[in-house]
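In: I'll drop the sequence and a predicted model, then ask my questions.
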Amino acid sequence: MRPAVWAPEASQVRAVIGSEGDRTEELIPDPTRPGWWQLDAELLPGTRYGYLLDDSDTPVPDPRSQRLPDGVHGLTEVYDDTAHAWQDADWAGRQLPGSVLYELHVGTFTPGATLDSAIGRLDHLVDLGITHVELLPLNAVNGVWNWGYDGVAWYAVHEPYGGPDALKRFVDACHGRGLAVILDVVYNHLGPSGNYLPQFGPYLKTGRNTWGDLVNLDSAGSEEVRRYIVDNALMWLRDFHIDGLRLDAVHALVDSSETHLLKQLAIEVAEFSDKLGRPLPLIAESDLNDPMLITPRGAPGDQNSGYGLDAQWDDDVHHVLHAMLSGERHGYYADFGSLPSLAKVFTRAFFHDGTYSSFRGRNHGKPVDREQVPGWRFVTFLQNHDQVGNRAAGDRLSEITSPGRLKIGAVLLLSSPFTPMLWMGEEWAASTRWPFFTSHPQPELAQAVSEGRLAEFADHGWDVSAMVDPQDPAAYHDSVLNWAEPESGAHAEMLELYRTLIRLRRDEPGLADPRLDAVEVDFDEQRNWVVIHRGGLRVVANLAGEQQSVPVPGAREIVLATDAASVSTGAVGLSTDASDTDPDGVRLAAESAAIVRVG
C-alpha cells in the first residue's frame, strides 16, 4: 500500500512511519492530481503511520484510514483488504419491495457489544422473518460507547466493535442466513472530537446545522470533498459487501451544485449495482416530506427529475401511530394521532404534504402521487433509535401505552403498504430503555453535550427532570437488551404476534400490496374504531376501552386476532339504537385488533 493524501493548502507533508515513530519520510506532490501528495514507498499491512502537515510535530491519522486500532487520535494501520476469505459468492442480494427491516445498535444489541457477538443472535432474526438488518453507524468515534453519529473517521470501523474484519465476518454470516445488511452512514456533519479533516483541506464550510459545521459540498475544493463521500459509500458496498445504505438526515446537506450530492451518489451506486448484479438500495432520512428524493432521475435539464434514491424514512406515519397509541400530543406530535390523520398517511404517505405544521409554524411538505409512487418506497416504524433515544428517559413505546394498544400498533405497522422496520427488542416489547449515551473523554465536551440535551428537550416540551445523563455509564449499560425476556410470559406472547404478522405479510399478498391508491380506510371517531382495506383482507382495530362490534361487510373469517374476536352477522354496537345495527361485522375485545378475510 502506497499512502496518498489530499492536502491542497499544505506546503509540506511528511509521514511518520512505525508505531514508535521509527522514521519520517517526505511525501511528494502528485503531478496527476492537484492537491494530492504521494509517499514514494510501499507500506506493508500492519504498519502504523500518520501525517505531519507543514511544521507540525504531532502526527494525525490518514483521512481514509480503514483501521484505527488506538482510536481516532491514534495512528493509521495499513489494512489488508484481501485477508478475509469471503463465503458469499452465491449471494444475489434482496430487493427492498416486500422486505422487513430490523434496526440495531451493535453496542447494545448483545452483552458482548461486538459484531461477532451479534452474529450469535442472527438466527433469532431469521426465525422472526426479517430480511434486512440495518446497523447504526459503525465508523470510528472518540470514546468507547456512542450511538455512532459522532463519527470522525468515516472509513474506519469502530475498534471496540471488532474493527473492519469483524464487520466482514458479520456481513458474511448475514448473507449465509439470507439476510441483507443496510449500513447507516452520516455525511451531514462530523463529530466533536477527533476531526482532523480541516487540517488537510476545505472539508467544511461556513455555516452550521443542528449537529455541527456544514460539510463543503458546493464551495472551493468541494469536488474532492464530494469524492471523499462517494468513495466512502462505494467502499462499504464494494469492500465490505454491504447491501445498501441509510443516509442520515439528508435535509442537513446544504448543496447548491448543479448536481446535488444525493443524485451523484445515486448515479454512481446504481452503476455499481448494475456491475455487481444485485440491488444496492439507498434509503434517505429526511424531515422535508419531499417526494423529490425518490422521484426517478430524468434527462439533464428535466425540471421533474428527482434524485433517484430508492426509499425514504416516513416520520409522519410514526407520529400518527405513536400519538394515537400513546395519547401524547406535545412537541411535534401536536398535529397527529386522530383517525383522520391515520387514514391520510395510510393512503397518501405524508400527513403534512403542503399543510400547516403547528410545530414548525408554517406549511410543510409536498404531496405524493399515490397512483405512481408505491408504498414500499417509504420506510415506516413504531419505534426507532431516534424516537426512543431522543426521549428524555429513553423509554420505549411498551412503557407508555397499554399492552393492547401496543399490539394494535404492531398489526397496523406490519399490514401497512409501506416497508416496515422494527427497532431491536420491539418484537418482544423489551423492558430495557435506550436513552442517548456518550463516553466523551473530555470533561468539557461531556458537559456541553449534557447541557445541549437539556435545552433540546425543553424546546420539545419534554420533562427535563426525567433526562438521563448521557455521560453516566449506566445510560449505556442499562440499554443492553435482556435476551432472557423473549423466552417467557408477555414478552414471548408479543414475539409470537410479530412472527405471525411477518409470516402473514409474506404469505398474504394483500398485506404487502404497496399500492397506495388501493388502500381504503373506514373509521368512526366517536366509537374509536378503524378498518383498513388490504385486498381481500380487512385490518380492524378497536381502540376503545370496551368491546364492540365493528362493521365489516362480507366478513367471513378471523385470520389473526390480538384478543378475543369473532365474526358476527347483524352486528350490534354498544348502544341499543337501531342505527348501530350493521349487516356484517367483527366483535372485538377492548383495545384489540384483528385481520379478517372478506368475500
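Out: That came through fine.

In: contacts and neighbour counts: CA atoms only from here.
Out: Noted.

In: hang on, Asp80 packs against Pro45?
Out: Yes. Using C-alpha atoms under 8 Å, Asp80 is in contact with Pro45, at 5.4 Å.

In: Give the bridge partners for Val13, please.
Out: Val13 forms beta bridges with Leu53, as assigned by DSSP bridges.

In: and the gap between it and Gly191?
Out: With distances taken as C-alpha to C-alpha, to the nearest Å, Val13 is found 25 Å from Gly191.

In: same deal with Pro61?
Out: Taken as C-alpha to C-alpha, the span from Pro61 to Gly191 is 15 Å.

In: Settle it for me: which of the two has more neighbours?
Out: Shown here are Pro61 and Gly191; by other C-alpha atoms under 10 Å, Pro61 has more neighbours (27 against 19).

In: what about this protein, any weak spots by pLDDT?
Out: Where the chain drops to pLDDT under 70, the residues are 299-301, 303, 460, 569-583.

In: How many residues are close by Glu223?
Out: 12.

In: Surely it and Leu217 touch.
Out: Yes. The pair Glu223 / Leu217 is scored as a contact, 7.5 Å apart, by C-alpha under 8 Å.

In: so Arg377 makes contact with Phe418?
Out: Yes. Counting by C-alpha under 8 Å, Arg377 touches Phe418, with 7.0 Å between them.

In: Which neighbours do these two have in common?
Out: Overlap between the contact sets of Arg377 and Phe418, as judged by C-alpha atoms under 8 Å, 6 or more residues apart in numbering, is nil.

In: Name the residue in those two with the higher neighbour count.
Out: Shown here are Arg377 and Phe418; by other C-alpha under 10 Å, Phe418 has more neighbours (30 against 23).

In: Contact partners for that one?
Out: 375-380, 512, 514.

In: If we use 6 Å, what do you get?
Out: 375-376, 378 (C-alpha atoms under 6 Å, 6 or more residues apart in numbering).

In: Ser357: which of those residues is nearest?
Out: Phe378 (20.3 Å; C-alpha to C-alpha).

In: And that closest one, how far from Ala512?
Out: With C-alpha to C-alpha as the criterion, Phe378 and Ala512 are 13 Å apart.

In: Need the overlap of contacts for these two.
Out: Joint contacts of Phe378 and Ala512 (C-alpha under 6 Å, 6+ apart) do not exist.

In: Strands of the stretch 51-200 of the chain, start to end?
Out: Along the stretch 51-200 of the chain, counting by DSSP state E, counting those that start in this stretch, strands occupy 76-77, 101-104, 132-135, 139-140, 153-157, 180-185.

In: quick one: which of those is nearest Phe350?
Out: With C-alpha to C-alpha as the criterion, Phe350 lies closest to strand 101-104 of those, at 20.2 Å.

In: For that closest one, which outside residues touch it?
Out: With C-alpha under 6 Å, 6+ apart, strand 101-104 has contacts from 132-135, 421-424.

In: what about that strand, distance to the chain center?
Out: 8 Å (C-alpha atoms, centre = their mean, to the nearest Å).

In: which other helices and strands contact the helix or strand harbouring Val317?
Out: For Val317, the host element (DSSP states H and E) is helix 315-326. Applying 3 or more C-alpha pairs under 6 Å, 6 or more residues apart in numbering; DSSP states H and E, we find helix 315-326 packed against no helix or strand.

In: list the buried ones in it?
Out: Residues of helix 315-326 classed as buried: 315-326 (neighbour count, 16 or more other C-alpha atoms under 10 Å).

In: Do you have the strands of the stretch 401-550 of the chain handy? List them.
Out: Under DSSP E, counting those that start in this stretch, the stretch 401-550 of the chain gives strands at 419-423, 520-524, 529-534, 537-542, 548-551.

In: what comes into contact with the second one?
Out: Outside strand 520-524, the residues that touch it by C-alpha under 6 Å, 6+ apart are 343, 529-533.

In: Tell me which two in those are the farthest apart.
Out: That would be Trp529 and His533, which, of the contacts of strand 520-524, are the farthest apart (C-alpha to C-alpha) at 13.5 Å.

In: Need the residues that contact stretch 544-561.
Out: 528, 571, 573, 582, 584-591, 593-599.

In: Give me the buried entries from those.
Out: Buried among the contacts of stretch 544-561 (16+ other C-alpha under 10 Å): 528, 571, 573, 582, 584-591, 593-598.
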